[in-house]
Structure formats: C-alpha cells, structure tokens
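*Asks:* For reference, the sequence and a predicted model appear below.
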Amino acid sequence: MNRLNDSIHKELSRLEVVAEANRCLFCYDAPCMRACPTHIDVASFIKKITTGNLLGSARTIMDANPMGASCARVCPTENLCEGACVYTKDSVAIRIGDLQRYATDWARENNVQLFEPGTPTGKKVAIIGGGPAGLSAARELRRMGHAVTIYESKKDAGGLNTYGIVPFRLALDVALWEAQQIIDMGVDMRTGVTVGKDVALDELLKNFDATIIACGMGSVPKLGIPGEDLQGVLDALDVIERAKIGGSVRELGSSVAVIGAGNTAIDALTCAKRLGIERVTMYYRRTEDEMTAYPFEYEFAKQEGIEFRWLCSPKRILGTNGRVSGVEFVRTRHQAAGGSSRSAPAEVPDSEFVAEVDTVIRAIGQSRRVNLFDQLGIKHEGGVVQVDSDLQTSRAGIFAAGDCIFAKGSREAMVVEAAEQGKIAARSVNRALEQRHG
C-alpha cells in the first residue's frame, strides 16, 4: 500500500487552534523566540491567531523565517521553540509548530503575497543555488531593493525542501509556494542552469556587484566497496526525489537495506516503507547513540516498522545476474574512550555475515562541491567553505550560506539554520555594497 503522500501532520480545527493559542502566556522575554535560530516572534504570531488575524500571524512568521511554512513541518521543535517553552518543565509545551503550520497554511491556501520589494538600488546580486539559504537571501535582498538573480541547476526552486524531504513530511506544493513567494518579489530565477557549466564563473562575477554561494551539497558518495555497479544500488537523495516528484520508485523489491544513520537515511527508510516495501532495514557502523538523525525522526522510523542494525559495516555487495542479491557486512566495535569520536570503528575479526536484500540505498552524507569552490578561488577545507562572522568568504564580494559552510563530522544542518544564514549573508552583502558605493 502506497502511503507516500499521507501527511504525518494532524490537521487542526479552528476550535483546536484557538484553544491551543489561548494557552500561551505571551512571555515578555519569550524563551521560545530566543531558541528559534530565525528568532520568530512566537508570542506575537500566536497572539494574532487568538484575535483572528491570520494574515498578520503569517507575516510575523515569514518575516523572520522565509522558510516558515516548511520549518513548521520539518523543524525539531522539541529541541528548539517548544523545548524552551515555559510550560515544558511542569506541563505540555505550546504546540508552536502546529500553530505556525496553521497560520502559514492559511496564507498559502488564500494565495496571499506577504512581502513586496524595496526601492531599487541599482545593485545586482547573484545567488548560486535556489534552496532554503539562497531563497532566504534573495527575499531579504529584494526587500532591500537589490536586483537578484538565482542560478538553480534543478527544474524547480526549493532545493532540499522541494527534492530532498519526503512528501509525507513536507509536501511539494508547500516548498514550491515558499519559493514562488520570493520569485514573485521580482527575483530572476534561472532554473536548469549550472554555474561553471552553463554560465561561466568569470562572466557571473563580472556582471554582478556581489555573489552568494548557497549551492548546498551534491549527491551521496560511493561506499567504496565491491559490487556498487550492480543494478539496485541507489543514491538516497535520488530515491527521495523520484518518489516525491513521480510518486513511486520502481523495482525496489521486497527487502531494502539503507546504509547510514542521518536524517536522509531516515527519510529513505520511511519512504521505502511507505511505498509498501515489506522489509526495510538500516545498517550503521557506529552505535545508536552516535547516529546523526534527529531523535524525533528516529522515533518516527521505529513507529513505521523500520529495523535497525548497529555496529555493522558493509564489505561488499553481492549480486545475481547483474542485480543486487545481498550485502556482506562485518561487525564493528564501539570506539574506546579517549579515541577520536569520528574515527572509523574497529572491525571484529571473523564476524562477517550476509544480509539478503533486493536493493541497497546509500545514505552516508553528501559530496562537497570542491571543483566549484576551487574555480571561484575561495578557501575551503575539504569542500567546507571558510567564512567569517559575516559569512564573507576569502574572496571579496563572495559570501556563502547553507550546507556548503556546514562543518563535517557533526549533526546535519537544519532548514531553519540555512534560512537564518541566508538572512545574515543578505545583510552582509547590503553593508558591503553600501560601504563600496556609499
């Protein structure tokens, strides 16, 4: 049974929304606002809901967070705004995420244009990448009056929100609505265009007053083991994209193994399960405590019936007639105290075993866009762009935001963090342009 588009978010009635909003204490020093990376004025948007001002509520949310509709669905609210709620200690936190979703859904369903561009300044800014960071930066720059051109390699804008988050968590129309809100402010969105290939970098840098790199990361890298050329070895991001855009993924078989333990791995696992795959199992070479997926994502996957195998490292993929038939794993040992927390776990001698599977999905992170950064002549460490506190790169006039600046070996970046970085980059660009032309 295909449950791919069955949203995991409960639709609230108007009565439920009003009752929940009226629980809010509207704290003067609102800890929920401080806990939000984009600093949404939570008390204000909830107060507007209680008075029936849904337009004002949506504007308050989206003013602080251009990805506010998406974040109402994908943010780990229990670790952010709801986790900081004063009710949390002794009662149940205000359902801030649900209320945020209600207000932004009202704006989306009523086709409201929330913001307008500022007075034209005559300055032009190029943005490489039309995902959360790039869109957020574009929105802010347009409000400041700068002309903005976004170069996006995919067919549609939205980046991870459009292509990389499963539809039952974040529907396609929500991500596209957020992008369209920003495009309708006069952003020149050039989709299907890859910078460095379809547009020369020298030309881009010459024609714009500033550039923001917000291209995120690339595809999932290879596992580096024998058998990866067999039919049935897939990239997790490709699986999610095909499922989200096309509604299905052909020939997954009845047993799927996902290698990795981040949020993308969880999305690939739950996506396969909701497509009706009988047995879906995650394999990870480290321990449960070392997985990088959000706790709520992990809990959701367990509720969906996903199986988990810890301390298992793939050695080779087995095949029959050119197609995957299994994976040989070796058991690993948890790192001893004092060792590097992210060094490779030691293998347990003579502990190999074979898992019979029809499909293997790689979900071990994403590759970095090293070639692009080298061509731009900016400093990076293994593909992590180096920036200062203003998100300025080592080259004047070039700024960066989003996944491309997120350090390796830590938890995965949040959409809300990318949105905030886009805002910071836009403000930094604006200051630089004012100083240069003031």
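*Replies:* That came through, no problem.

*Asks:* What's the end-to-end length of stretch 41-59?
*Replies:* End-to-end span of stretch 41-59 (CA to CA, to the nearest Å): 11 Å.

*Asks:* Could you report the neighbour count for residue 392?
*Replies:* By other CB atoms under 10 Å, the residues close to residue 392 number 20. Backbone N, C-alpha and C define where each C-beta goes, glycine included.

*Asks:* In terms of helix, strand or coil, where does the closest residue to it other than its chain neighbours fall?
*Replies:* Spatially, and ignoring its direct neighbours in sequence, residue 392 is nearest to residue 399 (5.6 Å; CB to CB, 6 or more residues apart in numbering). Three-state call for residue 399 (DSSP: H, G, I helix; E, B strand; the rest coil): strand.

*Asks:* ok now do residue 399, which residues does it touch?
*Replies:* Applying CB atoms under 8 Å, 6 or more residues apart in numbering to residue 399 gives the contacts 210, 211, 212, 213, 387, 390, 391, 392, 393, 425, 428, 429.

*Asks:* Now, of the residues you listed, which are buried?
*Replies:* Those of these that meet the buried threshold are 210, 211, 212, 213, 387, 391, 392, 393, 425, 428, 429, by 16 or more other CB atoms under 10 Å.

*Asks:* tell me which of these is nearest to residue 199?
*Replies:* residue 211 (11.5 Å; CB to CB).

*Asks:* so how far is the helix or strand that contains the closest one from its chain's centroid?
*Replies:* Taking DSSP states H and E as the criterion, residue 211 maps to strand 210-213. Relative to the centre of its chain, strand 210-213 is centred 20 Å away, using CA atoms, centre = their mean, to the nearest Å.

*Asks:* Residues contacting it, please?
*Replies:* Taking CB under 8 Å, 6+ apart as the rule, strand 210-213 contacts 123, 125-129, 134, 137, 204-205, 372-373, 376, 378, 385, 393, 397-401, 404, 422, 425-426, 429, 432-433.

*Asks:* Check stretch 367-387 too.
*Replies:* If you take CB under 8 Å, 6+ apart as the criterion, stretch 367-387 is touched by 128, 195-196, 201, 213, 215, 217-221, 393-395, 398-400, 404-408.

*Asks:* in that stretch, what counts as buried?
*Replies:* 368, 369, 372, 373, 376, 378, 380, 383, 384, 385, 387.

*Asks:* between the residues you listed, which is nearest residue 63?
*Replies:* residue 387 (24.8 Å).

*Asks:* Do you know the pLDDT at the closest one?
*Replies:* pLDDT recorded at residue 387 is 96.

*Asks:* got a list of contacts for stretch 107-125?
*Replies:* For stretch 107-125, using CB under 8 Å, 6+ apart, the contacting residues are 54-55, 58-59, 62-63, 69, 139, 141-149, 173-174, 177, 181, 184-186, 207-212, 429, 433, 437.

*Asks:* and residue 419, how far is that from residue 133?
*Replies:* In this view, residue 419 and residue 133 are 7 Å apart by CB to CB, to the nearest Å.

*Asks:* Between those two, tell me which one has more neighbours.
*Replies:* Between residue 419 and residue 133, residue 133 has the larger neighbour count (other CB under 10 Å), namely 37 against 28.

*Asks:* The more buried one in helix, strand or coil?
*Replies:* Quick answer, by three-state DSSP: residue 133 is helix.

*Asks:* Against residue 54, how distant is it?
*Replies:* Taking CB to CB, one finds residue 133 at 27 Å from residue 54.

*Asks:* try residue 155
*Replies:* 32 Å.

*Asks:* Settle it for me: which of those two has more neighbours?
*Replies:* Neighbours around residue 155 and residue 54, counted as other CB under 10 Å, are more numerous at residue 54. The numbers are 20 against 10.

*Asks:* Not counting sequence-adjacent ones, nearest residue to residue 262?
*Replies:* In space, residue 262 is closest to residue 292, 4.5 Å off (CB to CB, 6+ apart).

*Asks:* and that neighbour, what are its phi and psi?
*Replies:* Per-residue torsions, residue 292: phi -100, psi 0 (degrees, to the nearest 10).

*Asks:* Over to residue 157?
*Replies:* Per degrees, to the nearest 10, the backbone of residue 157 is at phi -80, psi 170.

*Asks:* That one reaches residue 192, doesn't it?
*Replies:* No - assessed by CB atoms under 8 Å, residue 157 is found out of contact with residue 192, at 10.9 Å.

*Asks:* All set now, cheers.
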